[in-house]
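Q: the sequence isn't on hand, but the structure is:
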């Protein structure tokens, strides 16, 4: 018998898509990650700027899961999602090998902007329905811009997908 640990055991739903883009549950999107060597500094602690990357991965996974392809929007419609503002609150360090979940909740969805609240926490605490081990909270304001970088309103089909995807 192998002593290999099963990652995210009991946390990830039995759905193959969940392994790539996460899953929706109770109005939130959950994106699992394993802290890799490249995410850390020489002491094995997650480098502070990487929490922004983790939040971005979570939001990108949410968009893909609800049927929005950022690369297709850029190629076909010459529009893209950009961060207008980000506010990070670091609470404790994540370390090499930690299993984490990026939880994304949509705080505000308007015709031209999204504000998301994201929590990066230890995965095992999510399974036990505890708030206990939160590494960071990130609030991000996203806008859509056209090819000249000018902010624009979301296309109706995108707004519909985001509206339904933030209420699952």
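A: All right, it came through fine. Computed from a prediction, not measured in an experiment: that's the story for all the values here. Numbering: from 1, shown residues only.
Q: can you give me the strands for this structure?
A: Here the chain has its strands, by DSSP state E, at 23-25, 28-34, 80-90, 99-109, 113-122, 134-145, 151-152.
Q: make CSV out of those and add mean pLDDT and distance to residue 52.
A: Heads up, the C-betas are built off the backbone N, CA and C, glycines and all. Below are the strands of the chain laid out as CSV (pLDDT from 0 to 100; distance: least, C-beta to C-beta, whole Å):
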stretch, mean pLDDT, distance to residue 52
strand 23-25, 91, 22
strand 28-34, 94, 13
strand 80-90, 96, 6
strand 99-109, 96, 11
strand 113-122, 96, 10
strand 134-145, 96, 7
strand 151-152, 96, 21
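Q: turn these into TSV, columns for distance to residue 74.
A: Output for the strands of the chain, formatted as TSV (distance: least, C-beta to C-beta, whole Å):
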stretch	distance to residue 74
strand 23-25	24
strand 28-34	21
strand 80-90	5
strand 99-109	21
strand 113-122	17
strand 134-145	10
strand 151-152	13
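Q: take these and write them to a markdown table, including mean neighbour count.
A: Compiled in a markdown table, the strands of the chain are given as follows (neighbours: other C-beta atoms under 10 Å):
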| stretch | mean neighbour count |
| --- | --- |
| strand 23-25 | 17 |
| strand 28-34 | 21 |
| strand 80-90 | 14 |
| strand 99-109 | 20 |
| strand 113-122 | 21 |
| strand 134-145 | 19 |
| strand 151-152 | 13 |
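Q: who wins for proximity to residue 159 among these?
A: Among the strands of the chain, strand 99-109 comes nearest to residue 159, with 7.8 Å by C-beta to C-beta.
Q: show residues contacting that closest one.
A: Contacts to strand 99-109, defined as C-beta atoms under 8 Å, 6 or more residues apart in numbering, come from residues 7-8, 11, 22, 27-35, 54-55, 57-59, 61-62, 94, 114-124, 126, 135, 139, 159, 162-163, 166.
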